[in-house]
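Student: Have a look; sequence and predicted model below, questions after that.
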Amino acid sequence: MRPHGHHGHEHFGPGHRGRGDFEGRRAAFGPFGPPFGGPPFGGRGRGGPRGRARRGDVRASILALLRERPMHGYEMIQEIAERSAGAWRPSPGSVYPTLQLLEDEGLISSESEGGKKLFALTDEGRGEAEAGSRAPWEEVGRGIDWESMQEIRQAGFGLMEAFAQVWKTGTAEQRQKAVAVINDSRKRLYLILAEQDEKRDEKGEQDEPGEKGGEG
């Protein structure tokens, strides 16, 4: 049991499905695998939806976690991902060098436990941790509309579940029609952005005469 009581599945609200359910849906896609590897549908992002966390965030987060109890490096990565509600999952390439740096500075110590390194704060490190933020990972996920993200996620999975069903049970002709629908949907999504750019350009052209007149 983890004493802090944080669990990754709690952050997403009632619409979130567990990992077991996700793996079941992943299997349904056959050779394709699940869709939309990047945010907001999943993937291994280092920042939220997304962006990249600052190097200082990794350092501060490690110190904040070790205030609670000793941890392994991979456990810290999982904890940050869970506590940021999936907005930030630091890579081993950013966590382990930071752990080594903190150990070199005398802020943490390590001991071997079951073939893994268990890290803990030193007295000096505890002082620095006490002076820092208690939850640096919250800064990464701040400002994210989680409700909208969940709606997008569900819509994307719903579309691909339907596609997978057609691919598994449909005829060759039905499969081709399904592929055409997916391709058409992708084009329509890009057109939404194109229309937005056109409106922005039109607005800019309308503003130009007034700006030039003001100069005269």
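Tutor: Nice, I can see it. Numbering: from 1, shown residues only.

Student: Quick check: the closest residue to Ser133 other than its chain neighbours vs Ile77, distance?
Tutor: Of all residues not flanking Ser133 in the chain, Ala60 sits nearest, at 5.7 Å (C-beta to C-beta, 6 or more residues apart in numbering). All C-beta spots, glycine's among them, are computed from the backbone N, C-alpha and C. Ala60 is 15 Å from Ile77, where distance means C-beta to C-beta, to the nearest Å.

Student: again with Glu105
Tutor: 21 Å.

Student: So for these two, which sits in the more crowded spot?
Tutor: Per other C-beta atoms under 10 Å, whichever of Glu105 and Ile77 has more neighbours is Ile77, with 20 against 13.

Student: what residues are up against the more buried one?
Tutor: 89-92, 95 (C-beta atoms under 8 Å, 6 or more residues apart in numbering).

Student: helix or strand for it, which one?
Tutor: Take DSSP states H and E as the rule and Ile77 turns out to sit in helix 73-83.

Student: Could you do Ser94 as well?
Tutor: Using DSSP H and E, Ser94 sits within helix 92-104.

Student: who does the helix or strand following that helix pair up with?
Tutor: Sequence-wise, the next helix or strand downstream of helix 92-104 (DSSP H and E) is strand 108-113. Here strand 108-113 is paired, per DSSP bridges, with strand 116-121 (antiparallel).

Student: Mind listing what's buried along the strand it pairs with?
Tutor: 117-119, 121 (16 or more other C-beta atoms under 10 Å).

Student: try stretch 84-102
Tutor: For stretch 84-102, by 16+ other C-beta under 10 Å, it's 84-90, 94-96, 98-99, 102.

Student: Can I get these in TSV including pLDDT and distance to Leu65?
Tutor: Below are the buried residues of stretch 84-102 laid out as TSV (pLDDT from 0 to 100; distance: C-beta to C-beta, whole Å):
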residue	pLDDT	distance to Leu65
Ser84	82	12
Ala85	76	16
Gly86	77	17
Ala87	78	16
Trp88	83	13
Arg89	86	14
Pro90	88	11
Ser94	91	14
Val95	94	11
Tyr96	94	14
Thr98	94	12
Leu99	95	11
Leu102	96	12
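
Student: contact partners of the helix or strand the residue nearest to Ser133 falls within?
Tutor: Ala60 belongs to helix 55-68 when elements are defined using DSSP H and E. The contact list for helix 55-68 (C-beta under 8 Å, 6+ apart) reads 3-4, 71, 76, 79-80, 88, 90, 94-95, 98-99, 101-102, 107-108, 119-121, 125-126, 128-130, 132-137, 139-140.

Student: rewinding a little: which among the contacts of Ile77 gets closest to Phe163?
Tutor: Within the contacts of Ile77, proximity to Phe163 (C-beta to C-beta) peaks at Arg89, which comes in at 27.6 Å.

Student: if we can go back for a sec, give me the pLDDT value at the residue nearest to Ser133.
Tutor: Per-residue confidence (pLDDT) for Ala60: 92.

Student: low-confidence ranges in the protein?
Tutor: 1-56, 140-146, 196-216 (pLDDT under 70).

Student: Cool, thanks, signing off.
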